[in-house]
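no sequence on this one, just coordinates:
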Ligand SMILES: [Zn+2]
């Protein structure tokens, strides 16, 4: 790689902490009969030594994503989060709100309208500026945060929700690194960035979504000398004990990747030998990198089921594995269904009881590391 300039602080000192090699654009799903090869791009994470922001190095891909279905878990968390903010007395009745959402969908505006907030026209100031997984999609992190803080009225609030870097490290979620996601926030780095814009974190809530999601509330520093509350201090203390600013800690994600990929490969080889059918579920953007690291093709995993009609008839990029509709679940009576999105587990178990009725089981791919065997050859692509 050449010199990288931090997307937030413009610093140039930092470390390449995770290198997943050449990967296809995860948002590009070719037709199932498209023989490829699909274009690939480097997929690397860099940790800034100055501001501590973990970030995507380069991204030459163009997002071209078929709209996915919004997981029930995401909708439920939005309701939970808005309820907590309201209960804390942070939503001014009749206040104006604006939202920076994720391109993958999900909006809180309806929930906030139920609490008496009114959407503000584009570009105008708001009493509540909400960013729900939006900021991570901005290549220019400095400019994007500046845009958001500039819209907060005097005395107003900035609400930032993000999948925390502490959770990524704690749970070995190396697979969170993907094209189009430019930043991976620790509460530590984010509070420092907010401070550089004259904002202070005041309170926060944690959620189980994605294995660890944080909603942080920040205000512009005024004359008042208010400090972050216990919830923020706890997150900062957890960051410190994990070492989210230590490049050696983040580099360990590579071993998580190897273990998980090896586990997936070994599991699938074992099931094939035992003549037990396996199918995937959830054509998630994170699936291709895992499958490629594991060297898995359709001979080992014949298909991945996805509920989104827009994805059916396509295949996972960088692999020959087709995406099929949910009817395939009943038809193939799999012994196990590998779930590529852990948050979907309660939802899919309820939606497809036929899997377990026929003796099959749901398995989260993140859990497959335990099947890794050091004695078997591994199909790692790198
Ligand atoms: Zn930086």
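Yep, it's here. Because the structure is a prediction, the values reported are computed rather than measured.

if I look at the residue most central in space within the chain, how far off is residue 325?
In the chain, the C-alpha nearest the mean C-alpha coordinate belongs to residue 176, at 5.1 Å (Cα atoms, centre = their mean). Going from residue 176 to residue 325 by Cβ to Cβ, to the nearest Å gives 27 Å. Where you see a C-beta, it was placed from the backbone N, CA and C, and this is true even at glycine.

ditto for residue 287
Counting by Cβ to Cβ, the gap between residue 287 and residue 325 amounts to 17 Å.

next one: residue 44
Distance of residue 44 to residue 325, given as Cβ to Cβ: 35 Å.

flag every buried residue along the lengthiest helix in the chain.
Counting by DSSP state H, the longest helix found in the chain is helix 253-273. Neighbour-count burial for helix 253-273, counted by 16 or more other Cβ atoms under 10 Å, picks out 253, 256-269, 271.

elements contacting it?
Contacts defined by 3 or more Cβ pairs under 8 Å, 6 or more residues apart in numbering; DSSP states H and E place helix 253-273 against strand 14-24, strand 278-281, helix 287-294.

who has more neighbours, residue 44 and residue 325?
Comparing residue 44 with residue 325 by other Cβ atoms under 10 Å, the one with more neighbours is residue 44, at 20 against 16.

Provide the secondary structure category for that one.
In the three-state summary, residue 44 is assigned as strand, counting by DSSP: H, G, I helix; E, B strand; the rest coil.

nearest residue to it other than its sequence neighbours?
Nearest residue to residue 44 in three dimensions, chain neighbours excluded: residue 57, at 4.2 Å (Cβ to Cβ, 6 or more residues apart in numbering).

any idea of the pLDDT on the residue in the stretch 51-200 of the chain that the ion sits nearest to?
Distances from the stretch 51-200 of the chain to the ion, computed as Cβ to the ion, single out residue 51 as the nearest residue at 3.3 Å. pLDDT, the model's per-residue confidence, is 97 for residue 51.

one more: residue 1?
The predicted local distance difference test score for residue 1 is 50.

also residue 63?
Confidence score, pLDDT, at residue 63: 58.

show me where pLDDT drops low in the stretch 51-200 of the chain?
Applying pLDDT under 70 to the predicted model, the residue ranges of the stretch 51-200 of the chain that meet it are 61-70.

from the stretch 201-350 of the chain, which residue is nearest to the ion?
Checked against the ion (Cβ to the ion), the nearest residue in the stretch 201-350 of the chain is residue 245, 10.8 Å away.

surely that residue is in contact with residue 52?
Yes. The pair formed by residue 245 and residue 52 meets the contact definition of Cβ atoms under 8 Å, at 4.4 Å.

contacts only, for the closest residue to residue 343 other than its chain neighbours.
Closest residue to residue 343 in three dimensions, ignoring its sequence neighbours and counting by Cβ to Cβ, 6+ apart: residue 73, at 4.1 Å. For residue 73, the contact set (Cβ atoms under 8 Å, 6 or more residues apart in numbering) comprises 209, 343-344, 346-347.

if I've got this straight, residue 73 is in a helix?
Yes. Residue assignment for residue 73, taken from three-state DSSP, places it within a helix.

renumber starting at 56 from here on
Fine by me, first position is 56 from now on; the one you just mentioned is residue 128.

and the chain, which of its residues are near the ion?
Contact residues of the chain with respect to the ion, defined by Cβ under 5 Å from the ion, are listed as 61, 63-64, 66, 103, 105-106, 108.
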